[in-house]
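**Q** Take a look and give me a structure for this.
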Amino acid sequence: MSRILEIDLLRSFAVIAEVRALSRAAERVGRTQSALSQQMKRLESIVDQPLFQRTGRGVVLTHPGERLLVHAQRMLRLHDEAMADLSGTGLTGSLRFGCPDDYATVFLPALLRQFSSQHPHALVEVVCAPTPRLLDLLDKRAVDLAMVSLPDAAPGEELIRREQLVWIGYPGLDPAHFDPLPLALSDADTLDHIAACEALKDAGRAWRIACASSSLSGMIALVRAGQAFAVMTQTAVPPDLANLNGDPALPPLPAVGITVKFSRKRPSQLAAAFAEHIRAVLPVL
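**A** Numbering: from 1, shown residues only. Okay, here's the model as predicted:
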């Protein structure tokens, strides 16, 4: 038995992983359900691991299946890009990508630089806004895809990366000396704003909103001036400000998850390639 991971087998596997049902996957790849089942048995024999588990609602990936899916998606993307390039139809065109300000500051330079080196003829236009605004833009199809924040335990969501929310303040400024605690937060419907207010309420700590804005630079300016404390993802904390998590005057905060969402059920090849690039690169940045 050959132990080569054939592209045809991986493509069928990826479709089953997406739709979670052999019958629908068979329709998608143009094979009978029996033929598709035989393909998967062959793939499981090649990797010597069970890849699927049958349930009352279809099939789910086993842990080895989840691991193989990561590799399969990358291999399929590279295969399709190579074929497109050699046939003169490489990835070109433009897409509109939405991203919150803090993620844009920390993650976007590396993401765009690496994607541009792989696809020099593709143009990525960036729209920065808080997650609730990005979800509105996705609904209106004003952006093609967006990187958004979700609660860490959001059911049924594929989280690409987790980020701890932290309190930040000007170095040497003691939050215990403020009553009520002045806050510089993002819009009222964002996860960081909600998390800060709920944590303070649960702790019985009084607060006031000194600034509620979608402008990350405005919030940070207020913190640098010593006028307020803020909440943001740990990775995005500027080096000149203090991470105050663990301060006894401040309650603990939850983590948030990061995922990618599309505006269409069937995204363009360029949008799908950029999303796959994010899934591969973001966890290691």
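**Q** Tell me the buried residues in stretch 211-227?
**A** Cys211, Ser214, Leu216, Met219, Ile220, Leu222, Val223 (16 or more other C-beta atoms under 10 Å). From N, CA and C alone the C-beta is placed, and that goes for glycine too.
**Q** doesn't Val106 make contact with the third one?
**A** No: if you go by C-beta atoms under 8 Å, Leu216 and Val106 don't touch, sitting 10.9 Å apart.
**Q** Checking the residue nearest to Pro175 when sequence neighbours are not counted next. Helix, strand or coil?
**A** Distances taken as C-beta to C-beta, 6 or more residues apart in numbering put Ala249 closest to Pro175, at 4.4 Å, once the chain neighbours are dropped. Put simply, Ala249 is coil when judged by DSSP: H, G, I helix; E, B strand; the rest coil.
**Q** show me what contacts Ala249?
**A** Residues near Ala249 by C-beta atoms under 8 Å, 6 or more residues apart in numbering: Asp174, Pro175, Ala176, Arg205.
**Q** Go ahead and report the secondary structure state at Lys41.
**A** Classification of Lys41 using three-state DSSP returns helix.
**Q** heads up, I number from 220, so please use that
**A** Fine by me, first position is 220 from now on; the one you just mentioned is Lys260.
**Q** Any figure for the gap between it and Arg243?
**A** Counting by C-beta to C-beta, to the nearest Å, the gap from Lys260 to Arg243 is 19 Å.
**Q** Restrict stretch 359-377 to CA atoms and write it as PDB.
**A** Extracted C-alpha coordinates of stretch 359-377, given in PDB (Å, rounded to 0.1, in the frame of the first residue of the first chain):
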ATOM      1  CA  LYS A 359     -23.500  44.000   4.100                       C
ATOM      2  CA  ARG A 360     -20.700  42.300   2.100                       C
ATOM      3  CA  ALA A 361     -18.700  45.500   2.400                       C
ATOM      4  CA  VAL A 362     -15.600  43.400   3.300                       C
ATOM      5  CA  ASP A 363     -14.700  39.900   2.000                       C
ATOM      6  CA  LEU A 364     -13.500  38.500   5.200                       C
ATOM      7  CA  ALA A 365     -12.600  39.700   8.700                       C
ATOM      8  CA  MET A 366     -10.500  38.700  11.700                       C
ATOM      9  CA  VAL A 367     -12.800  39.000  14.700                       C
ATOM     10  CA  SER A 368     -12.900  38.400  18.400                       C
ATOM     11  CA  LEU A 369     -15.200  35.900  20.100                       C
ATOM     12  CA  PRO A 370     -15.800  34.700  23.700                       C
ATOM     13  CA  ASP A 371     -13.100  32.100  24.500                       C
ATOM     14  CA  ALA A 372     -15.800  29.400  24.900                       C
ATOM     15  CA  ALA A 373     -17.900  30.300  21.900                       C
ATOM     16  CA  PRO A 374     -19.700  27.100  20.900                       C
ATOM     17  CA  GLY A 375     -19.300  25.800  17.400                       C
ATOM     18  CA  GLU A 376     -16.600  28.300  16.500                       C
ATOM     19  CA  GLU A 377     -13.100  27.500  15.100                       C
END
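**Q** buried sites along it?
**A** Val362, Asp363, Leu364, Ala365, Met366, Val367, Ser368, Leu369, Asp371.
**Q** Run through who's touching that stretch.
**A** With contacts defined as C-beta under 8 Å, 6+ apart, stretch 359-377 is touched by 314-319, 322, 326, 346, 350, 353-354, 356-357, 378, 381-382, 409-410, 473-483, 486-487, 490, 493-494, 497, 501.
**Q** Show me what the longest helix along the chain is packed against.
**A** Using DSSP state H, we find that the single longest helix of the chain is helix 282-305. For helix 282-305, the packing partners by 3 or more C-beta pairs under 8 Å, 6 or more residues apart in numbering; DSSP states H and E come out as helix 226-238, helix 488-500.
**Q** circling back to that earlier point, and which of the contacts of Ala468 is nearest Met302?
**A** Lowest distance from Met302 to the contacts of Ala468 (C-beta to C-beta) belongs to Pro394, with 57.0 Å.
**Q** my read: that closest one touches Gly445, true?
**A** No: applying C-beta under 8 Å, one finds Pro394 not in contact with Gly445, separated by 11.4 Å.
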